[in-house]
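In: sequence and computational prediction follow.
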Amino acid sequence: MNIAPFLRAFCQGLAGFRDGWKIGDGSTTMAPPKKTRPFVNAMQITRVFFTPLLLASLTSIPATAAELIVDDGETRTITAGESRLELDDLRIGNGAVIRFAPGVTRWEVYADRAWIGRGVVLEGNGRDGGEGASGPQQVTRAEPCARGVTGPTGSDGGAGGDGVSVYMQLGLMHFDSLSVFANGGKGGRGGQGGTGGEGGTADGCHAGAGGDGGDGGTGGDGGSGGEIRIVYWSADRKTYIPVSNYGPGVHVENYGGEAGDEGLGGKGGRGGKGGWSKRGSGKQVSRNYGEAGRDGVRGQRGKPGKTGRMLVQPVSGPPQ
């Protein structure tokens with residue numbers, strides 16, 4: 001018995017499972033692939049808004065979970081592993097607070113169904129910059145007759161951190177009120193300049209002048225406010241979001257951080273000690289005291305951060 005035709009048919013069957021079944025006209029048919037939730041399709045709504053965030057999201061793999069539940073009054077910290085979530089259900093209870101672990105710069109959430117309670121708060125403010133170190137004091141006196149050493153310049157203040165950017169796509173079942181705080185952090189103050197060194201004493205010469213004080217450090221720049229975008233559709237056909245800074249709805253603060261203050265200049269060093277000295281002839285001669293060094297100059301103030309953008313965008317349904 002010739003089994004070659006049966007083997008050929010079997011192999012064609014395997015190929016059909018892999019490549020799709022051949023039908024009479026030579027075309028291929030197969031079940032459509034399972035759709036994934038298209039975060040980036042929101043670009044079709046507003047093409048120029050939030051593009052850097054969306055492009056960055058393409059490089060990360062979303063964490064998929066059935067639901068995220070934050071109970072009434074609970075404080076939940078979002079970790080780096082939860083910075084991008086795809087959810088069936090998102091439930092945030094009344095008075096709940098969501099914070100972000102260090103290193104989380106944005107939070108992206110897609111939820112088929114979402115319930116947002118009353119007084120929900122997202123705390124994503126950037127950290128304040130650290131204060132610059134002060135220049136050390138020059139405590140060593142200069143050699144006789146010499147000028148004192150100039151005090152070191154204060155260190156620059158640290159830059160404020162950027163506010164967390166929040167991007168949400170939600171099918172709303174219930175919405176009461178949500179406050180989002182994503183302000184940039186304040187820049188740190190510049191360090192104070194160090195004190196100038198003391199001038200050398202008179203020794204057959206006039207005493208040395210004191211060293212100048214060090215200049216103050218530059219204040220740190222303020223952080224930028226986070227970018228806030230909420231795209232939603234009414235999953236129950238009756239829930240919508242009023243946008244207001246008072247009462248129900250969404251309240252957003254994403255201002256740029258304040259500029260850091262300039263550092264103060266250091267004090268000038270004391271002049272060296274003068275007095276009487278004896279010449280070789282035995283005659284007493286007065287030697288002048290050294291002049292005090294000048295105080296250091298204040299540093300420059302930092303730059304304020306940029307205010308972020310925000311958009312609350314209703315759409316007819318989930319992006320396809």
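Out: Received it, and whenever you're ready, just let me know what you need. Residues are numbered from 1 along each chain as shown.
In: CA only for contacts and neighbour counts going forward, please
Out: Fine.
In: can you pull out the strands in the stretch 1-150 of the chain?
Out: With DSSP state E, counting those that start in this stretch applied, the stretch 1-150 of the chain shows strands at 21-22, 28-29, 63-70, 75-78, 84-92, 97-100, 106-116, 120-123, listed in chain order.
In: which residues sit against the last one?
Out: By that I understand strand 120-123. By C-alpha atoms under 8 Å, 6 or more residues apart in numbering, the residues outside strand 120-123 that reach it are 92-100, 177-182.
In: point out where the stretch 151-300 of the chain drops to low pLDDT.
Out: 243-247, 279-280 (pLDDT under 70).
In: tell me where it has strands.
Out: With DSSP E, counting those that start in this stretch as the criterion, the stretch 151-300 of the chain has strands at 165-175, 177-181, 228-234, 249-253, 275-278, 284-287.
In: now Ala159: phi and psi?
Out: Backbone torsions of Ala159, given as degrees, to the nearest 10, read phi -70, psi 140.
In: check the gap between it and Arg189 for me.
Out: When distance is defined by C-alpha to C-alpha, to the nearest Å, Ala159 is 9 Å away from Arg189.
In: more neighbours: these two, which one.
Out: Neighbour totals were compared for Ala159 and Arg189, and Arg189 leads with 32 against 29 (other C-alpha atoms under 10 Å).
In: circling back to that earlier point, format the strands of the stretch 1-150 of the chain as a markdown table; extra columns: mean pLDDT.
Out: Formatted as a markdown table, the entries for the strands of the stretch 1-150 of the chain read as follows, by pLDDT from 0 to 100:
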| stretch | mean pLDDT |
| --- | --- |
| strand 21-22 | 36 |
| strand 28-29 | 36 |
| strand 63-70 | 79 |
| strand 75-78 | 98 |
| strand 84-92 | 97 |
| strand 97-100 | 98 |
| strand 106-116 | 97 |
| strand 120-123 | 98 |
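In: mean neighbour count and distance to Thr218 added to those, as JSON lines?
Out: Shown next, in JSON lines, are those (neighbours: other C-alpha atoms under 10 Å; distance: least, C-alpha to C-alpha, whole Å):
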{"stretch": "strand 21-22", "mean neighbour count": "16", "distance to Thr218": "70"}
{"stretch": "strand 28-29", "mean neighbour count": "12", "distance to Thr218": "67"}
{"stretch": "strand 63-70", "mean neighbour count": "14", "distance to Thr218": "42"}
{"stretch": "strand 75-78", "mean neighbour count": "16", "distance to Thr218": "34"}
{"stretch": "strand 84-92", "mean neighbour count": "21", "distance to Thr218": "37"}
{"stretch": "strand 97-100", "mean neighbour count": "19", "distance to Thr218": "29"}
{"stretch": "strand 106-116", "mean neighbour count": "22", "distance to Thr218": "29"}
{"stretch": "strand 120-123", "mean neighbour count": "20", "distance to Thr218": "29"}
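In: before I go, just wanted to say thanks for your time.
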